[in-house]
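Visitor: 3D, please:
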Amino acid sequence: MPNPIDPIFISAYTATSALGRGLADHHTALHQGRSGLHRNDFTQVPLDCAIGRVAGLEQASLPEDFSAFECRNNRLAWLAIEADGFLDQARAAIARYGADRVALLAATSTSSIGTTEEAYANLDGDRMPRSSRRSAVHTPHSPGIFLEQVLGTRGPCLTTATACSSSAKIFAKAERMIRLGVVDAAILAGVDTLCGSVLFGFNSLELVAPQPCRPFDVRRCGISIGEAAGFALVERSGSARSARLIGWGESSDAHHMSTPHPEGLGAQLALEGALARAGLSANDVDYINLHGTATPKNDEVEAGVVVRAFNPRTRASSSKGWTGHTLGAAGILESVISLIAIEDGFIPGTLNCEQRDPVCGPQIALKNEVADVRIALSNSFGFGGSNCTLAFARAEQS
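Guide: Modelled structure (predicted):
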């Protein structure tokens, strides 16, 4: 097993999702039990499902200097990076360390494919319309290129696309880069937006629920897709008030393109890696934000891992009933929710779960609970068995 790592400081973070823009909106929605899911009003062709849509995104626009990057995904990135003063804090860190000592690690699943869809729907003969001939929006690396222009970083700039674990894995990348001396800080960005390819693609796999998703409920029948953007600034050193990333674990099932290993082998390995790097046992964990997609097999397998590994005192829940499954942005959004749980001292319930599946243990919290959360884990499991578990600690736990 891996050796414990030195914690890295999470100096700033923010998220924008169907729950609202910035931390205050997320705090409020979580404490009030208010879901961001509603009936699909995004697709022109009817699709009976619920979605987690970011309000006001259609009216948002990029500054003129960045017009070449215009697309829904980059608009969401811009809307989110300005929340909670994150852009100013990120630029201050770049000034403090030097632009070449700060990494920019982006993550996405579909990137700006929605703009590519629009271009093909409006072909000019056999060519894209002139307004769509912008190479910067027809690449999975679009958010990385765009944010590098916004921030002015000159350190490593990478975009990770490992399906639903994408923006969890960038935390692990940041820790490795900082520990190895490649950089002193990293700006992490996870962004994914609604598009037809995702909604109808998942529907063709019979994975989209007709109603808001019900994680771990015996009646669950599929996911609700959402969109979100999250940002985090991680540094080698920081304030005593900063939360910490204390561990991470990654694994690959290599079992099936869309189905997890039946015994949760990959999930178990990711969990064990995170605990080992944090120098913890399972008994030290207070809360787990589960991947919990509300598909029958994913929830069954993950619930089994939790029952086997953790005692009944540990609390666990899925937040996808609040936000929907935000795909490549899920890892960082759910990390932010885990950090809110630490900060607020509460466990967000598993929204829409009313009849808990018998495969679940007592760890699954159905309703919000007050709790002393010192250590929190966040699980993210992607298509193809690309898994990641992150371990976070309250400031004084370092």
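Visitor: Point out where the stretch 201-350 of the chain drops to low pLDDT.
Guide: 255-259, 261-262, 264 (pLDDT under 70).
Visitor: those helices in it, which residues are they?
Guide: 265-278, 296-309, 320-323, 330-344 (DSSP state H, counting those that start in this stretch).
Visitor: Out of the ones you listed, the one nearest Leu351 is which?
Guide: helix 320-323 (3.2 Å; C-beta to C-beta). Yep, even glycine has a C-beta here, placed from its N, CA and C like the rest.
Visitor: residues in contact with that closest one?
Guide: For helix 320-323, the external contacting residues (C-beta atoms under 8 Å, 6 or more residues apart in numbering) are 17-19, 29-30, 34-37, 52, 212-215, 223-224, 226, 228, 292-294, 330, 333, 348, 350-353.
Visitor: Could you rerun that using 6 Å?
Guide: Ser17, Ala18, Leu19, Ser35, Gly36, Gly52, Cys213, Pro215, Gly226, Gly292, Leu351, Asn352 (C-beta atoms under 6 Å, 6 or more residues apart in numbering).
Visitor: Could you find the closest non-adjacent residue to the fifth one?
Guide: The shortest distance from Gly36 to any residue that is not its chain neighbour, by C-beta to C-beta, 6 or more residues apart in numbering, is 2.7 Å, and that residue is Ala18.
Visitor: quick one: Val208 from Phe381, how far?
Guide: Going from Val208 to Phe381 by C-beta to C-beta, to the nearest Å gives 18 Å.
Visitor: Which one's more surrounded, those two?
Guide: When neighbours are counted by other C-beta atoms under 10 Å, Val208 and Phe381 differ, and Phe381 comes out ahead with 31 against 26.
Visitor: got the buried residues for stretch 391-398?
Guide: By neighbour count on 16 or more other C-beta atoms under 10 Å, the buried set for stretch 391-398 is Ala391, Phe392, Ala393, Arg394, Ala395, Gln397.
Visitor: quick one: which of these is nearest Met128?
Guide: Of the buried residues of stretch 391-398, the one sitting nearest to Met128 (C-beta to C-beta) turns out to be Phe392, at 43.1 Å.
Visitor: quick one, what contacts the closest one?
Guide: By C-beta under 6 Å, 6+ apart, the neighbours of Phe392 are Ala243, Ser338, Ala376.
Visitor: Please repeat the previous calculation with a cut-off of 8 Å.
Guide: Contact analysis of Phe392 by C-beta under 8 Å, 6+ apart lists 10, 243-246, 335, 338-339, 342, 375-378.
Visitor: Could you measure from Ala240 over to Glu396?
Guide: For Ala240, the distance to Glu396 - C-beta to C-beta - is 8 Å.
Visitor: circling back: from the contacts of helix 320-323, which would you call buried?
Guide: Judged by 16+ other C-beta under 10 Å, buried ones among those: Ser17, Ala18, Leu19, Ser35, Gly36, Gly52, Cys213, Pro215, Gly226, Gly292, Leu351, Asn352.
Visitor: Mind putting these into TSV with distance to Gly273?
Guide: Formatted as TSV, the buried ones among the contacts of helix 320-323 follow (distance: C-beta to C-beta, whole Å):
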residue	distance to Gly273
Ser17	28
Ala18	31
Leu19	30
Ser35	32
Gly36	32
Gly52	30
Cys213	28
Pro215	24
Gly226	28
Gly292	20
Leu351	29
Asn352	31
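Visitor: So which of the residues you listed are in strands?
Guide: Ser17, Gly52, Gly226 (DSSP state E).
Visitor: Tell me the one of those nearest Phe146?
Guide: Lowest distance from Phe146 to these (C-beta to C-beta) belongs to Ser17, with 19.3 Å.
Visitor: Contact partners for the closest one?
Guide: Neighbours of Ser17 in contact, by C-beta under 8 Å, 6+ apart: His26, Gly36, Gly52, Val54, Gly226, Glu227, Ala228, Ala229, Thr323, Thr326, Ala329, Leu333.
Visitor: now, which of those sits nearest Ala189?
Guide: The closest of the contacts of Ser17 to Ala189 turns out to be Ala229 (C-beta to C-beta; 7.2 Å).
Visitor: so the closest one touches Ala83, yeah?
Guide: No. With contact defined as C-beta atoms under 8 Å, Ala229 does not reach Ala83; the gap is 9.0 Å.
Visitor: more crowded one of these two?
Guide: Shown here are Ala229 and Ala83; by other C-beta under 10 Å, Ala229 has more neighbours (33 against 19).
Visitor: Check the spacing between that one and Ile246 real quick.
Guide: Relative to Ile246, and taking C-beta to C-beta, Ala229 is found at 25 Å.
Visitor: do the same with Ala376
Guide: In terms of C-beta to C-beta, Ala376 sits 10 Å off from Ile246.
Visitor: Could you pull out the residues contacting both of those two?
Guide: In contact with both Ala376 and Ile246: Ala391, Phe392, Ala393, using C-beta under 8 Å, 6+ apart.
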